[in-house]
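Asker: Give me a 3D structure for the following:
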Amino acid sequence: MSKNIFLVAGGTGGHLFPAIATSQKKSEFKYIFIVDKRVKNYLKKTKAIHHTVWSEKLSKNPINLLRTFFIILVGFLQSIFFLIKYKPCLIVGFGGYTSIPTILAGKLLGKKILLHEQNAVMGRTNRFLSLFCNRIALTFKKTKFAHKKSIYSGIPLRNEKILEPSKQKVLLVIGGSQGASIFSRVIPKVIEHIKSNDRKKIYFLQQVRIEDIDHLSRKLKDLKVKFKLHPFIENIQSEINNSFMVISRCGSSSLAEIERFKKYSILLPLPTAIDNHQYYNAKQFKVNNECEIFDQDKLDYKIIAKLITQKLKQKNKFKKPKIIKKISLNQIINDMLR
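Answerer: Here you go, the predicted structure:
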């Protein structure tokens, strides 16, 4: 039997990072990434074997539908080529429309198919592809629209070297793999409500979109705080471990990394997320973790400033997360190939 496994992911880090984490686990299998052009540059930094296929989100505009079907057809034919070339024993899809051509091609060729769902609401692509798969692995035990083929696995986390924590009081602000402009507006307003003496004790480490860096930098200098801004934070696990609290969006990988290091968090779900899945991610996360969830359109900057000040003066005291039995994604892969 072939020892090759396809990991199909694309679009954002939310789909790609769990795939990378899966490939990092010690295994007898050889992992090959099938991705789209949006994430191929990230994989170039790794030694991973990867190939790009065409894919596109289905449009509601009838004029664009013909173009979309043509692009998916090309991706389907590309996938057939790679499937014949590598003869994988399993295809693991991580959601997003990039998965569609390869999963359908794999089904046509009789390949075993496993889907991984990152969110607390099953994505529309995975709902469609669940018709063609053998198993579905869930990040959250309670997932809306979960199929009867589902099993709770949690989300794989990347292997990163965890650096020694610094003595600074770091407040980490992250907005997912692409950053979040809302935090560039919110953080200065929150800081205005923190007393000057307390401001001096905090080191703000913030992930910022490139177009927001100059503006936010000027604002933070005017507020006389210590800060560092990055468009992308490479070793996110070390930075979470190094912080006394985290302000974040509610992507499942970010939440899992916050949970791993048992950090207090202030969460702002992305209101435009499909099916409001970030809100449901946050609600599931709150069951076992210390956090506050805010609607970004109804923010009270004074309350957030008060929470930051309280945590600044506290020693980290966290409830031990409730342990829920789950089977890891890599174990599910091994079980499917026995």
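Asker: switch to C-alpha atoms for all contacts and neighbour counts from now on
Answerer: OK.
Asker: least trustworthy helix or strand in the chain by mean pLDDT?
Answerer: When the helices and strands of the chain are scored by mean pLDDT, DSSP states H and E, helix 40-43 comes last with a mean of 82.
Asker: Could you list the paired strands of whichever helix or strand comes after that one along with their orientation?
Answerer: Moving toward the C-terminus from helix 40-43, the next helix or strand (DSSP states H and E) is strand 49-52. Paired with strand 49-52 in the same sheet, following DSSP bridges, are strand 30-35 (parallel).
Asker: Please, where are all the helices along the stretch 151-300 of the chain?
Answerer: Ranges of helices in the stretch 151-300 of the chain, per DSSP state H, counting those that start in this stretch, are 181-191, 196-199, 213-222, 236-242, 252-260, 277-286.
Asker: who wins for proximity to T46 among those helices?
Answerer: Nearest to T46 among the helices of the stretch 151-300 of the chain is helix 236-242 (16.7 Å), distances taken as C-alpha to C-alpha.
Asker: If you count neighbours, what's buried in the closest one?
Answerer: I236, Q237, S238, E239, I240, N241, N242 (16 or more other C-alpha atoms under 10 Å).
Asker: Kindly provide the distance from the first one to F17.
Answerer: Read that as I236. The spacing between I236 and F17, counted by C-alpha to C-alpha, to the nearest Å, is 12 Å.
Asker: re the thing from before, with just CA atoms, put the least confident helix or strand of the chain into PDB.
Answerer: Taking Å, rounded to 0.1, in the frame of the first residue of the first chain, the C-alpha atoms of helix 40-43 are listed here in PDB:
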ATOM      1  CA  LYS A  40       1.700  28.300  -1.500                       C
ATOM      2  CA  ASN A  41       4.100  31.100  -0.500                       C
ATOM      3  CA  TYR A  42       3.900  30.100   3.100                       C
ATOM      4  CA  LEU A  43       4.700  26.500   2.300                       C
END
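Asker: Please point out which parts of it sit buried.
Answerer: Under the neighbour-count criterion of 16+ other C-alpha under 10 Å, helix 40-43 has K40, L43 buried.
Asker: In terms of secondary structure, what does that helix contact?
Answerer: Counting contacts by 3 or more C-alpha pairs under 8 Å, 6 or more residues apart in numbering; DSSP states H and E, helix 40-43 is packed against strand 49-52.
Asker: can you list the residues that contact the strand it packs on?
Answerer: Strand 49-52 is touched from outside by Y31, I32, F33, I34, V35, D36, K37, K40, L43, with contacts defined as C-alpha atoms under 8 Å, 6 or more residues apart in numbering.
Asker: which two in the residues you listed are spaced the farthest apart?
Answerer: The span of those, defined through C-alpha to C-alpha, is set by Y31 and K37 at 18.6 Å.
Asker: Tell me which of these two has more neighbours.
Answerer: Y31 (23 against 15; other C-alpha atoms under 10 Å).
Asker: And that one, how far from V74?
Answerer: In this structure, Y31 and V74 are 23 Å apart, going by C-alpha to C-alpha.
Asker: What of L267?
Answerer: According to C-alpha to C-alpha, L267 and V74 sit 40 Å apart.
Asker: Neighbour count for these two, which is higher?
Answerer: In terms of neighbours (other C-alpha under 10 Å), L267 is the more surrounded of L267 and V74; the figures are 22 against 16.
Asker: Could you list every helix and strand in contact with the longest helix seen in the chain?
Answerer: Using DSSP state H to define each element, the chain has its longest helix at helix 62-86. Packed against helix 62-86 by the contact rule (3+ C-alpha pairs under 8 Å, 6+ apart) you find helix 99-108.
Asker: Any buried residues in the helix it packs on, and which?
Answerer: Neighbour-count burial for helix 99-108 flags S99, I100, P101, T102, I103, L104, A105, G106 (criterion: 16+ other C-alpha under 10 Å).
Asker: Please look at the third one and I71 and confirm they touch.
Answerer: No. Counting by C-alpha atoms under 8 Å, P101 does not reach I71; the two are 9.5 Å apart.
Asker: hey, what's in contact with both of those two?
Answerer: The contact sets of P101 and I71 overlap at S55 (C-alpha under 8 Å, 6+ apart).
Asker: Need the contact partners of stretch 111-118.
Answerer: 14-15, 88-95, 103, 106-107, 123, 126, 130, 132-140, 155, 252-253, 333.
Asker: on that earlier part again, what would the contacts of strand 49-52 look like in a markdown table with distance to I194?
Answerer: A markdown table is the format used below for the contacts of strand 49-52 (distance: C-alpha to C-alpha, whole Å):
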| residue | distance to I194 |
| --- | --- |
| Y31 | 49 |
| I32 | 49 |
| F33 | 46 |
| I34 | 47 |
| V35 | 44 |
| D36 | 44 |
| K37 | 43 |
| K40 | 42 |
| L43 | 41 |
